[in-house]
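Trainee: Predicted model and sequence follow; I will ask about them next.
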Amino acid sequence: MADQATAFAPGRVNLIGEHTDYNDGLALPFAIADGVTVNARTLTEPRIEARALDLGESDGFTLERPERVSGWRAFVRGAVAELQRMGVPLRGAALEITGEIHRGAGLSSSAALEVALCLALTAIADAASLDRMDLAQLCSRVENEWVGARTGLLDQLASLYGVADHAVRIDFRSLDVQPVPLELAGFRLVALDSGERHSHTRSGYNERRAECARACELLGLDSLRDATLEMADSLKTPLDNRVRHVVSENERVELAVRALIGSDVAMLGELLNASHVSLRDCFEVSTAAVERAVDSLLRNGALGARVVGGGFGGSVLGLLPAHMAVPDDAIEVRPGPGARVSSG
Ligand code: GLA
């Protein structure tokens, strides 16, 4: 059993397949180089002393009964509580948290924080490490129940199952995760911050989720994975459009996998654009700032551009030809390995 461990969990970019995870659908994300690092060192007292170094803030609480709070502290307390609920015998620990992902930029700083916290805490616990799928589900409970965002499993799975130079095709019904080589023949992917911070607890994210659940109820389905475009026609607006987005987005994920395998970058660009149009018009998660970011990428020669993640602000993904310069306020994003831990 180690007395000290460092865990790193990456953020993610979702190539395509948005708002499909909580509808038992398909997505094609990849882990990026930026992420969150948590250093854990055991304490003799049964307490957690956590410090968010970038924020200059700290939190301390006893292992026994973490109370509910808001902000980054909710992630730490939620991770501690949920790990213990799974029977992981945690030890008291001093935690130091640092991160390179811009919070609220839509590159999933939240999942990276949950995953890094859980990996670091389990690495110094007197227990075998958890299965990564169980860990993803546990992290998602932290976010759902402690942070208050009803997000799905996309971000946690991308962070935990990332593979260098690959995207991962995730089927959220079977929980099958398949790496797909992401080679773009000189093209580059960039994430351009729309400048508008988003928050899943405050934005329309939870409302979209509730609308999908309502559409299922009206259609007599367990999930929108089984919905069809014909079924959508029987619903009133906006539920009809929400269903159209989910059905067509699942198809676009399959087509994107095919485009990657066939090295068809032009097709990938078209699919990104079609995804954005659907997210804007049918799922209604775009904003004026997001539209400006998409337009500027396309005007400057991007082959495709779309809002990534939950929307309502955050970042925009662009597919750029080799000759197009990366805009000043954008970062190039490349598929990197998944979360990892080192003990010392
Ligand atoms: C956020 C959530 C994910 C997923 C996306 C939309 O990133 O955390 O679970 O629902 O939005 O695809």
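Mentor: Cool, got the structure.
Trainee: so how far is Val307 from Ser194?
Mentor: The gap separating Ser194 from Val307 is 8 Å, by CB to CB, to the nearest Å. To be clear about C-beta, it is placed using only N, CA and C from the backbone, and glycine gets the same treatment.
Trainee: who touches both of the two?
Mentor: Residues touching both Ser194 and Val307 (CB atoms under 8 Å, 6 or more residues apart in numbering): 290, 314-316.
Trainee: Closest one to the ligand out of those residues, please.
Mentor: Nearest to the ligand among those is Gly314, at 8.3 Å by CB to the nearest ligand atom.
Trainee: Now the phi/psi pair for the closest one, please.
Mentor: phi 80, psi -150 (degrees, to the nearest 10).
Trainee: isn't it right next to Val307, touching?
Mentor: Yes. Using CB atoms under 8 Å, Gly314 is in contact with Val307, at 7.0 Å.
Trainee: ranges for the helices of the stretch 151-300 of the chain?
Mentor: Applying DSSP state H, counting those that start in this stretch to the stretch 151-300 of the chain gives helices spanning 154-161, 205-219, 229-233, 239-261, 265-281, 288-299.
Trainee: out of Ser194 and Val307, which sits in the busier spot?
Mentor: Val307 (28 against 25; other CB atoms under 10 Å).
Trainee: give the contact list for that one.
Mentor: 18, 106, 194, 276, 279-280, 285-286, 290, 294, 314-317.
Trainee: for His276, same thing?
Mentor: So His276 contacts 286, 294, 304-307 (CB under 8 Å, 6+ apart).
Trainee: tell me the two of these that are most distant?
Mentor: Checked with CB to CB, those reach their widest spread between Ser286 and Gly304, with 15.1 Å between them.
Trainee: one step back: let me know the closest of the shared contacts of Ser194 and Val307 to Leu117.
Mentor: Nearest to Leu117 among the shared contacts of Ser194 and Val307, counting by CB to CB, is Gly314 at 22.0 Å.
Trainee: That closest one - how many residues pack around it?
Mentor: Neighbours of Gly314 (other CB under 10 Å): 30.
Trainee: Looking at Ser286 and Gly304 now, which is surrounded by more residues?
Mentor: Gly304 (26 against 22).
Trainee: Torsion angles phi and psi at that one?
Mentor: According to degrees, to the nearest 10, Gly304 has phi -160, psi 150.
Trainee: follow-up on the earlier one: let me know which of the helices of the stretch 151-300 of the chain is tucked in deepest.
Mentor: helix 154-161 (a mean of 29; mean count of other CB atoms under 10 Å).
Trainee: ok, back up a step: would you turn the shared contacts of Ser194 and Val307 into a markdown table with distance to Arg252 and pLDDT?
Mentor: A markdown table is the format used below for these (distance: CB to CB, whole Å; pLDDT from 0 to 100):
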| residue | distance to Arg252 | pLDDT |
| --- | --- | --- |
| Val290 | 19 | 96 |
| Gly314 | 20 | 88 |
| Ser315 | 19 | 91 |
| Val316 | 17 | 95 |
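Trainee: Considering only those, which also neighbour the ligand?
Mentor: When these are checked against the ligand using CB under 6 Å from any ligand atom, none falls in range.
Trainee: Tell me the one of those residues nearest Ala149?
Mentor: For the shared contacts of Ser194 and Val307, the nearest to Ala149 is Gly314 (13.2 Å; CB to CB).
Trainee: hang on, the earlier thing: min pLDDT across the contacts of Val307, which one?
Mentor: Within these, Gly106 has the lowest pLDDT, namely 68.
Trainee: any low-confidence regions in the stretch 51-200 of the chain?
Mentor: 102-106, 198-200 (pLDDT under 70).
Trainee: need the strands for it, in chain order.
Mentor: Along the stretch 51-200 of the chain, counting by DSSP state E, counting those that start in this stretch, strands occupy 57-62, 93-99, 166-171, 176-181, 188-193.
Trainee: what's the closest of these to the ligand?
Mentor: Of all those, strand 166-171 sits nearest to the ligand, with 10.8 Å by CB to the nearest ligand atom.
Trainee: Show me what the closest one is packed up against.
Mentor: strand 26-27, strand 29-42, helix 154-161, strand 176-181, helix 239-261 (3 or more CB pairs under 8 Å, 6 or more residues apart in numbering; DSSP states H and E).
Trainee: Export these to JSON lines and append columns for distance to the ligand.
Mentor: Shown next, in JSON lines, are those (distance: least, CB to the nearest ligand atom, whole Å):
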{"stretch": "strand 26-27", "distance to the ligand": "7"}
{"stretch": "strand 29-42", "distance to the ligand": "9"}
{"stretch": "helix 154-161", "distance to the ligand": "4"}
{"stretch": "strand 176-181", "distance to the ligand": "15"}
{"stretch": "helix 239-261", "distance to the ligand": "9"}
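Trainee: Looking at those, which is nearest to Ala120?
Mentor: Using CB to CB, the helices and strands packed on strand 166-171 put strand 29-42 closest to Ala120, at 3.9 Å.
Trainee: So which other helices or strands are in contact with that closest one?
Mentor: Packing contacts for strand 29-42, counted by 3+ CB pairs under 8 Å, 6+ apart, involve strand 4-14, strand 93-99, helix 109-123, helix 154-161, strand 166-171.
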